[in-house]
Every structure is written in structure tokens, then in C-alpha cells.
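Engineer: got a sequence here, can you model it:
(one chain, ligands or ions: 1)
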Amino acid sequence: MDGGIAAVALGGAGLLTGSLTASFGRDRPTAKARQSAAPAPAGTPVTVAAASVPVGGSAQVKDPASGDAVYVVQPKAGQYCAFSSVCTHSGCAVDAPKDGQLYCPCHGSRFDAATGAVLNGPATRPLPKYRVTKEGDSLHLGPLEG
Ligand code: FES
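Structural biologist: Numbering: from 1, shown residues only. All right, here's what the predicted structure looks like:
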């Protein structure tokens, strides 16, 4: 009789330990992944190394307010700005700038990678443009320009 109770108690403790271990094992990496995947809260500065944005190239960051992907570009040496990756036609993601243009694979719109202006429809409005400021070796994503 006593042995039976002890076995039940041990069994219960075993289950508890097992579930604690399992949840610790699961939660730690998940919490980390969640932290890095979550968009930064609004107001958090978004910074990228200037070296990662060569002339004609781009670096992708996230708008902390909307979570949308943004391309930071340097169309001419020392001239930085950024464009939303959300196509103004129907909201598809435009490709990273290439040959001075941002191309939308959904319906073929093309945007100027220096100004965001529409080069080829069906989009009719330019890509939203962000201000970018350089400080030392870092580029800071500024607010959307009106
Ligand atoms: Fe980009 Fe239609 S959504 S061209």
C-alpha cells in the first residue's frame, strides 16, 4: 500500500519535472526568435552600416512603425535615402534596386532608385521616400518625407 502511494507520488513528480524541462527547453529559443523577429517599437532608431550600402546598391531594413521592408540606397556617392518596398499599385513587394531601378514583379511597375518616381506603370504614385542621415559610419533611417 505504501509502495503504491510512493510510486504515484514519484510518477507525479516525474511528470512535473518532465513538463518543466520540456517547457524550458522550448521557451528559451522561441523567446529569442520572437524577440529578434518582432519589429522594433515605433521611435526606435533604425541604423545600418554605411559600408553595407554601396553606390547603386542597397541594404534592407524595417520601418519600425509599419514593419514594412525598406531599401536604404546610395544612388550617388554620399547621397543616401530610402524607399518603401511596398508597391504603390497593389502593395506587392518590389525587388531590391538594380541598375538604378526598383522593379515590381507583380505587374511590372518600375521606380527610379534615386527618387522613387514611377518610370513605368501601372503604378501611378512614387514609392514612399524616407530621409536617411549619415553619422560616422552609420546610416539612420529618418521619417517619411512628405
Ligand atoms: Fe506592383 Fe502591381 S503591385 S505593379
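Engineer: residues from this protein in reach of the ligand?
Structural biologist: 87, 89, 90, 91, 92, 104, 106, 107, 108, 109, 122, 123 (C-beta under 6 Å from any ligand atom). Bear in mind the C-beta positions are built from the backbone N, C-alpha and C, glycine included.
Engineer: show me how to select, in PyMOL, the buried members of the residues you listed.
Structural biologist: Selection of the buried residues among the residues of the chain next to the ligand in PyMOL, burial being defined by 16 or more other C-beta atoms under 10 Å:
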select buried, resi 87+89+104+109+123
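Engineer: redo the residues of the chain next to the ligand as TSV? Include secondary structure.
Structural biologist: Shown next, in TSV, are the residues of the chain next to the ligand (DSSP: H, G, I helix; E, B strand; the rest coil):
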residue	secondary structure
87	coil
89	coil
90	coil
91	coil
92	coil
104	coil
106	coil
107	coil
108	coil
109	coil
122	coil
123	coil
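Engineer: which two among the residues of the chain next to the ligand are spaced furthest apart?
Structural biologist: 91 and 108 (14.9 Å; C-beta to C-beta).
Engineer: which residues does the nearest residue to residue 127 once chain neighbours are set aside contact?
Structural biologist: Counting by C-beta to C-beta, 6 or more residues apart in numbering, residue 127 lies nearest to residue 116, which is 3.9 Å off, once chain neighbours are set aside. By C-beta atoms under 8 Å, 6 or more residues apart in numbering, residue 116 lies in contact with 83, 102, 126, 127, 128, 129.
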